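>>> Provide a 3D model corresponding to the input given below.
(chains A, B, C and D)
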Number of protein chains: 2
Amino acid sequence: METYLSSVKNSCHLLKLFLDSPKELGVTDLSKRLGLSKGAVHKLLITLESEGLIRQNPANKQYALGYTLLELGNKVLKDHNMVEFARPHMHRLASATKELVCLCVIDGTDAIYVDKIDSQYPIRFDIEVYRRFPLYATSASRSILAYQAESFIDGVLSEELRTFTQHSLKNPSDVKNRLTQIREKGYEMSSNLRNVGVTGIAAPIFDAAGQVIASISTIGPTDRMVPAQEDWIAAVLDTTRTISLGLGFKSSN
Amino acid sequence: METYLSSVKNSCHLLKLFLDSPKELGVTDLSKRLGLSKGAVHKLLITLESEGLIRQNPANKQYALGYTLLELGNKVLKDHNMVEFARPHMHRLASATKELVCLCVIDGTDAIYVDKIDSQYPIRFDIEVYRRFPLYATSASRSILAYQAESFIDGVLSEELRTFTQHSLKNPSDVKNRLTQIREKGYEMSSNLRNVGVTGIAAPIFDAAGQVIASISTIGPTDRMVPAQEDWIAAVLDTTRTISLGLGFKSSN
DNA sequence: TACAACGTTCACTTATAGTGAACAAGTGGT
DNA sequence: ACCACTTGTTCACTATAAGTGAACGTTGTA
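Below you'll find the predicted structure:
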């Protein structure tokens, strides 16, 4: 049986509340959002503050995330072998397409962009790195989702699907059709699903165990992407194939 | 009275253990280092894992820091107004000196570099950002320490001083002499104290309340820094003065 | 000047955090 | 191929600390 430590879980929830909030939050506000008493939240805060994960603004007594989280977050990145390994290959792809190139990884039931190389065009599309989003949301993440276990996919798609544009995939069967196409073609090219006027081309990265744990994508304005699509699809597939082989993946056919 | 939540404190200690360790750690190892039973550590780990702050490698069952810490650390940086505000001024300084330019802030009894602009020379000195170090250790941090309350300074210097080179300041009185000089001159230039052959020039940034909460420094090989020292000292002082005024600091004389 | 909202403190009680031993699974050595 | 050791995991138990809710002191505003 999995029995969690309540106060630790509360402290995690508290920290995450800051992700979608302004810089500083007060005790009362936090206690309402967490559903805990003010006293309990205050104890959480002074404990986290003593460890540097939270810091209090002396001027207005409000609380904010502390610098120790910066240290810990940076350690995550330093430990991430994939970022280091993929970077030169991403650079090669970026110099070919001149568009945004992204490295996306799976974490639990979410996806995260852990690295990117910016487009060289003055008019360019940009993404936010280091921020969770649903696996069904973008080409990059769907390219990973497509190769997960059926039961896992169903689990991800069982919750209410968030939509980002009016063209976003609204129901599970639409997503599953896309995933099937990805498995057939080995990549996905999609437009307007996450951002209107934006097209992405993505393909999966396989590790030595044959698992898909990341993807490479190149993303840009649709009117630049479509004319070059054949070249960029080949370039993305070449990049992911090279990285996969470098990770020890043995292609079966 | 300050009564901390023990399990929250334990979870923080656990996370910080990873900072000076390899990527992955085991339950037994962690329990020894934390002085807790294996069962307790396991409960901590599965709780933190359920929140994404920790993740377990399925292959070897060992644990590592999770991606949620990346999200949280990035939010700290996004919320940090100083970084954004100082950046253009740092760029101006960097294009003048062509050496490494750093933004250092104080956090508790430690200092952290929260931003840097790399040197343009092929032979260059580099620092590690987002990582705590003692306030007495570098020009950048001493420039901040010098303007803190006397009692605070004594507190910082009351612990055993870490040394980094054979030239490092070894006892509190040496540090306090330096701090006095900083207050007299308004900047510090030092060589070999943190890295042999390396010279730094640093000056404090004052906020609207007259508090020193950050510093700007330029750092490089001693043989390039010494010949240009007068120009670079003036440039650093000009930079910090501009930033301080921009923050609302009213110089008293 | 009075009110309202805030962060902080405190005594209390129930829920739970941490223990230590037993368990299952895997590794490495002989 | 076997054994012995170490690993991560589970569990019942009890002392302990987590969370409550009301009261306090302070701050800024009407």
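>>> neighbours of whichever residue of the stretch 151-253 of chain A sits closest to DNA strand C, how many?
Of the residues in the stretch 151-253 of chain A, the one nearest DNA strand C is A:Ala209, at a distance of 13.1 Å by C-beta to the nearest atom of the strand. Placement of C-beta: from N, CA and C, glycine included. Here the number of neighbours of A:Ala209 (other C-beta atoms under 10 Å in any protein chain shown) works out to 11.
>>> which SS class is it?
Three-state call for A:Ala209 (DSSP: H, G, I helix; E, B strand; the rest coil): coil.
>>> got a list of what A:Glu184 touches?
Contacts for A:Glu184 (C-beta atoms under 8 Å, 6 or more residues apart in numbering or on different chains) come out as none.
>>> got the phi and psi for the nearest residue to the residue of the stretch 151-253 of chain A closest to DNA strand C once chain neighbours are set aside?
Closest residue to A:Ala209 apart from its sequence neighbours, by C-beta to C-beta, 6 or more residues apart in numbering or on different chains: B:Ala59 at 7.9 Å. Phi and psi for B:Ala59, reported as degrees, to the nearest 10, are phi -70, psi -50.
>>> and A:Gly73, that one's in a helix?
Yes - A:Gly73 sits within a helix when classified using three-state DSSP.
>>> run a quick neighbour tally on it.
24.
>>> same deal with A:Val175?
21.
>>> I figured it was touching A:Thr163, is that so?
No - here A:Val175 lies out of contact with A:Thr163, judged by C-beta atoms under 8 Å, at a distance of 11.5 Å.
>>> which of the helices or strands spans A:Ser95?
helix A:81-97 (DSSP states H and E).
>>> from chain B, how far off is the closest residue to DNA strand D within the stretch 101-250 of chain A?
Using C-beta to the nearest atom of the strand, A:Gly108 is the residue of the stretch 101-250 of chain A that sits closest to DNA strand D, at 15.6 Å. Per C-beta to the nearest C-beta, to the nearest Å, A:Gly108 is found 6 Å from chain B.
>>> likewise A:Thr138?
16 Å.
>>> same question for A:Ser215.
A:Ser215 sits 15 Å away from chain B, going by C-beta to the nearest C-beta.
>>> what helix or strand does the nearest residue to that residue once chain neighbours are set aside sit in?
Residue nearest to A:Ser215 in three dimensions, not counting chain neighbours: A:Ser143, with 4.2 Å by C-beta to C-beta, 6+ apart. Using DSSP H and E, A:Ser143 sits in helix A:139-145.
>>> quick one: contacts for the residue nearest to A:Gly108 when sequence neighbours are not counted?
In this structure, A:Gly108 finds its nearest non-sequential neighbour in B:Gly52, 6.3 Å apart by C-beta to C-beta, 6+ apart. Counting by C-beta under 8 Å, 6+ apart, B:Gly52 touches A:Asp107, A:Gly108, B:Gly66, B:Tyr67, B:Thr68.
>>> narrow the residues you listed to those in strands?
A:Asp107 (DSSP state E).
>>> related to what we said a few turns ago, is the residue nearest to A:Gly108 in a helix, a strand, or coil?
coil.
>>> can you pull the pLDDT of it?
Note on B:Gly52: pLDDT of 93.
>>> if I look at it, how far off is DNA strand D?
16 Å (C-beta to the nearest atom of the strand, to the nearest Å).
>>> so what's the gap between stretch A:145-156 and the chain middle?
How far stretch A:145-156 lies from its chain's middle: 16 Å, per C-alpha atoms, centre = their mean, to the nearest Å.
>>> cool, and stretch A:11-26?
From the chain centre to the centre of stretch A:11-26 is a distance of 19 Å (C-alpha atoms, centre = their mean).
>>> repeat for stretch A:94-111
For stretch A:94-111, the distance to the chain centre is 9 Å (C-alpha atoms, centre = their mean).
>>> buried ones in it?
A:94, A:96-97, A:99-108, A:110-111 (16 or more other C-beta atoms under 10 Å in any protein chain shown).
>>> neighbouring contacts of the helix holding A:Ser143?
Applying C-beta under 8 Å, 6+ apart, the set of residues contacting helix A:139-145 is A:102, A:104-106, A:111, A:113, A:133-136, A:153, A:156, A:175, A:178-179, A:182, A:187-190, A:193, A:200-204, A:212-217, A:219.
>>> get me the contact residues on the stretch 1-150 of chain A for DNA strand D.
Neighbours of DNA strand D within the stretch 1-150 of chain A, by C-beta under 7 Å from any atom of the strand: A:1-2, A:6-7, A:10, A:35-40, A:43-44.
>>> mind jotting down where the strands sit in chain A?
Taking DSSP E as the criterion, chain A contains strands spanning A:54-56, A:63-65, A:100-107, A:110-117, A:133-134, A:188-191, A:198-206, A:212-221.
>>> by contact count, what packs against the second one?
For strand A:63-65, the contact count by 3 or more C-beta pairs under 8 Å, 6 or more residues apart in numbering or on different chains; DSSP states H and E identifies strand A:54-56, helix B:68-79 as packing neighbours.
>>> quick one: those as a markdown table, columns for distance to B:Ser168 too.
Shown next, in a markdown table, are the helices and strands packed on strand A:63-65 (distance: least, C-beta to C-beta, whole Å):
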| stretch | distance to B:Ser168 |
| --- | --- |
| strand A:54-56 | 29 |
| helix B:68-79 | 29 |
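>>> any chance of those in TSV, with distance to DNA strand C too?
TSV is the format used below for the helices and strands packed on strand A:63-65 (distance: least, C-beta to the nearest atom of the strand, whole Å):
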stretch	distance to DNA strand C
strand A:54-56	6
helix B:68-79	17
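>>> deepest in the core, which of the ones you listed is it.
When the helices and strands packed on strand A:63-65 are scored by mean count of other C-beta atoms under 10 Å in any protein chain shown, the highest mean neighbour count falls to helix B:68-79 (a mean of 23).
>>> and chain A, is that helix touching that?
Yes - interface with chain A: helix B:68-79 contributes B:Thr68, B:Leu69, B:Leu70, B:Glu71, B:Leu72, B:Gly73, B:Asn74, B:Lys75, B:Val76, B:Leu77, B:Asp79 (C-beta under 8 Å from any C-beta of the partner chain).
>>> so A:Lys219 touches A:Cys102, yeah?
One correction, residue A:219 is Ile, not Lys. Yes - between A:Ile219 and A:Cys102 there is a contact at 6.6 Å, judged by C-beta under 8 Å.
>>> what touches both of these two?
With C-beta under 8 Å, 6+ apart, A:Ile219 and A:Cys102 have common neighbours A:Ile127, A:Ala140.
>>> residues in contact with the nearest residue to A:Met90 once chain neighbours are set aside?
Using C-beta to C-beta, 6+ apart and skipping the chain neighbours, the partner closest in space to A:Met90 is A:Val101 (5.0 Å). Taking C-beta under 8 Å, 6+ apart as the contact definition, A:Val101 lies against A:Met90, A:Leu93, A:Ala94, A:Lys116, A:Ile117, A:Ile216, A:Ser217, A:Thr218.
>>> any idea of the pLDDT on the fifth one?
Listed pLDDT for A:Ile117 reads 96.
>>> is it in a bridge, and if so with what?
Note on A:Ile117: beta-bridge partners by DSSP bridges are A:Val101.
>>> quick one: it and A:Arg92 touch, right?
No - assessed by C-beta under 8 Å, A:Ile117 is found out of contact with A:Arg92, at 10.0 Å.
>>> higher neighbour count, these two?
Using other C-beta under 10 Å, the more surrounded residue of A:Ile117 and A:Arg92 is A:Ile117, with 18 against 14.
>>> return the distance of that one relative to A:Lys98.
A:Ile117 sits 10 Å away from A:Lys98, taking C-beta to C-beta, to the nearest Å as the criterion.
>>> count the neighbours of the residue of the stretch 1-150 of chain A found nearest DNA strand C for me.
Here the residue of the stretch 1-150 of chain A nearest DNA strand C is A:Gly26; by C-beta to the nearest atom of the strand that distance is 2.2 Å. Neighbours of A:Gly26 under the rule other C-beta under 10 Å: 14.
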